[in-house]
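Novice: Dropping the sequence and predicted coords here.
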Amino acid sequence: MKLTINNLTKTYKNGVKAIDDLSLEIGTGMFGLLGPNGAGKSSLMRTIATLQSPDSGSIMFNDIDVLKDQMSLRKILGYLPQSFGVYPKMSAEDLLDYFASLKGVSSKTDREKLVKEVLEITNLYDVRKKHVAGYSGGMKQRFGIAQLLLNNPKLIVVDEPTAGLDPAERNRFLNVLREVGTNCTVIFSTHIVDDVKELCNEMAILNGGRILKHITPIEATKGIEGVIWTKIIERDDLETMEANYNVLSSNYNQDNTLNIRVYSNHLAFRESKIPSPKLSY
């Protein structure tokens, strides 16, 4: 299976160019789309999911011309946006049954089996009779995962899927995606580097609607060896460090010192009197 994107461009009415002449090939397995908020990740994923049309370019999934034959793609697509609504006063079980009907599962017996399976995968079976509108944020996100699995999708698009999940739910979801991704193409959008590192065999870094790098997480990690460092500094030293080096992040320690992460291959930084740097990925 292969998704091929060629010269895709999308500019909104307010003049923002969300996708800028973007070309990309994605094969079977987990593919991470990494970038800051506003990088164009959601715009790209909405376009792939046929929820909006680009100004120009093409998208092919295997032999499906996505922009010309949207219904063929939707039959094999699983999509989870950043946020989604649900019908009030409907249980998870009933709503999933309804969604399965919309996705073409006509047999009641088949729907019951399928709904039970996805509820168990997402750890929602015990609360299947509760109204989805009353679910917590993490439970609603897991319900979104359940609905995208209903049609045995060949292309799965998930946008910031671990938002709102507690650590146990996050691990469960990532494990589900990892298993599903062995047999289909999964595009996984996030700004959490660890999610991509743990999960994906390939990744792209997106910013300003353009692909900055298309690489594997292992290659990306090797590429920053010797230039990404962490140091423990006093709070009063932060301004000086920011003036002289590219400080990527800073976090407080229990003793009120700061743990900073710096991009630098400058010898003076490595040999400074501040405690010895520790290589960080």
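Specialist: Happy to help now that I have it.
Novice: For the stretch 101-250 of the chain, just list every one of the strands.
Specialist: Assigned strands in the stretch 101-250 of the chain, in chain order: 155-159, 185-190, 202-207, 210-215, 228-233, 246-252 (criterion: DSSP state E, counting those that start in this stretch).
Novice: would JSON lines of the ones you listed with distance to Leu148, mean neighbour count and mean pLDDT be doable?
Specialist: Where you see a C-beta, it was placed from the backbone N, CA and C, and this is true even at glycine. Listed next are those as JSON lines, based on distance: least, C-beta to C-beta, whole Å; neighbours: other C-beta atoms under 10 Å; pLDDT from 0 to 100:
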{"stretch": "strand 155-159", "distance to Leu148": "6", "mean neighbour count": "23", "mean pLDDT": "92"}
{"stretch": "strand 185-190", "distance to Leu148": "10", "mean neighbour count": "24", "mean pLDDT": "90"}
{"stretch": "strand 202-207", "distance to Leu148": "21", "mean neighbour count": "20", "mean pLDDT": "94"}
{"stretch": "strand 210-215", "distance to Leu148": "25", "mean neighbour count": "15", "mean pLDDT": "94"}
{"stretch": "strand 228-233", "distance to Leu148": "35", "mean neighbour count": "20", "mean pLDDT": "85"}
{"stretch": "strand 246-252", "distance to Leu148": "32", "mean neighbour count": "13", "mean pLDDT": "88"}
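Novice: Wait, Ile76 touches Lys154, no?
Specialist: Yes: with contact defined as C-beta atoms under 8 Å, Ile76 reaches Lys154; the gap is 4.2 Å.
Novice: The stretch 101-250 of the chain: helices as residue ranges?
Specialist: Per DSSP state H, counting those that start in this stretch, the stretch 101-250 of the chain carries helices over the ranges 108-121, 137-148, 167-180, 193-199, 217-223, 238-244.
Novice: Can I get the helix or strand Gly57 falls within as PDB, trimmed to CA atoms?
Specialist: Here Gly57 sits within strand 56-61, counting by DSSP states H and E. The C-alpha trace of strand 56-61 is given here as PDB (Å, rounded to 0.1, in the frame of the first residue of the first chain):
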ATOM      1  CA  SER A  56      -3.800  22.200  -6.800                       C
ATOM      2  CA  GLY A  57      -1.900  18.900  -6.700                       C
ATOM      3  CA  SER A  58      -2.800  15.200  -6.600                       C
ATOM      4  CA  ILE A  59      -3.300  12.400  -4.000                       C
ATOM      5  CA  MET A  60      -3.200   8.700  -4.900                       C
ATOM      6  CA  PHE A  61      -3.800   5.800  -2.600                       C
END
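Novice: Identify the bridge partners of the residue sitting nearest the centre point of the chain.
Specialist: In the chain, the residue lying closest to the centroid (C-alpha atoms, centre = their mean) is Ser189, at 2.2 Å. Note on Ser189: beta-bridge partners by DSSP bridges are Leu33, Asp159.
Novice: Double-check it against Ser42; I have them as touching.
Specialist: Yes: here Ser189 lies in contact with Ser42, judged by C-beta under 8 Å, at a distance of 7.0 Å.
Novice: what touches both of those two?
Specialist: Asp159 (C-beta atoms under 8 Å, 6 or more residues apart in numbering).
Novice: Make TSV from the strands of the stretch 101-250 of the chain and add distance to Gly32 to it.
Specialist: TSV is the format used below for the strands of the stretch 101-250 of the chain (distance: least, C-beta to C-beta, whole Å):
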stretch	distance to Gly32
strand 155-159	11
strand 185-190	5
strand 202-207	4
strand 210-215	10
strand 228-233	18
strand 246-252	19
